[in-house]
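Enquirer: Predicted model follows, preceded by the sequence.
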Amino acid sequence: MPNLNKFVKIYTDGACRPNPGRGAIGIIILNEKDQELATCKKCVGKTTSNGAEYHALIQGLNSATDYCTWKAVCFSDSLVVINQLNRKWRIHNRELLELHKEVRTTAGIFKEVEYRHISSNSPYIKRADKLAKEALKEG
């Protein structure tokens with residue numbers, strides 16, 4: 001049920017083979033107590049590595065609305081995505097600009113959204129990466 005959780009943590013990763021090529025995403029959603037609420041892995045079609053990272057975040061935000069609409073804290077190891085969303089870096093690529101707009105629209109469901117960069121050594125990012133690679137292999 002929505003809003004029973006104080007906030008959700010969304011860990012996302014994207015994969016692409018080759019780049020550009022077939023893209024896939026991996027997502028892990030946790031509550032504020034780090035209890036796992038959901039995972040997701042799926043192929044997203046032809047894209048780039050950065051595009052796959054954006055697709056993962058969009059899907060993660062959409063899925064997280066099942067558990068909370070107050071606050072989402074989004075974690076990614078993609079400096080490009082995090083710095084673009086935090087308005088530190090400009091967006092020069094048309095595909096990424098469209099995906100960026102979609103993230104902003106989807107994030108509007110929440111009262112507050114944070115975007116944080118995290119090391120690819122994080123256990124949750126490693127799991128999200130594994131899910132994305134599994135989707136590529138299966139898909």
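Expert: Right, received. Where do you want to start? Numbering: from 1, shown residues only.
Enquirer: pLDDT below threshold where in this structure?
Expert: Counting by pLDDT under 70, the chain has low-confidence residues at 1-3.
Enquirer: residue closest to the middle of the protein?
Expert: With distances taken as Cα atoms, centre = their mean, residue 57 lies nearest the centre of the chain, 2.3 Å away.
Enquirer: pretty sure that one is touching residue 74, no?
Expert: Yes. Contact status for residue 57 versus residue 74: in contact at 6.0 Å, counting by Cβ atoms under 8 Å. C-beta coordinates here come from the backbone N, C-alpha and C atoms, glycine included.
Enquirer: Which neighbours do those two have in common?
Expert: Common contacts of residue 57 and residue 74, defined by Cβ atoms under 8 Å, 6 or more residues apart in numbering, comprise 10, 12.
Enquirer: about what we covered before: backbone phi and psi for the nearest residue in space to the residue nearest to the centre of the chain that is not next to it in sequence, please?
Expert: Sequence neighbours aside, residue 12 is the residue nearest to residue 57 in space, at 5.1 Å (criterion: Cβ to Cβ, 6 or more residues apart in numbering). Here is the backbone geometry of residue 12 (degrees, to the nearest 10): phi -130, psi 150.
Enquirer: Count the neighbours of residue 12 for me.
Expert: Residues contacting residue 12 under the criterion other Cβ atoms under 10 Å number 32.
Enquirer: residues in contact with it?
Expert: Counting by Cβ under 8 Å, 6+ apart, residue 12 has contacts 25-28, 53, 56-57, 59-60, 74-76, 128.
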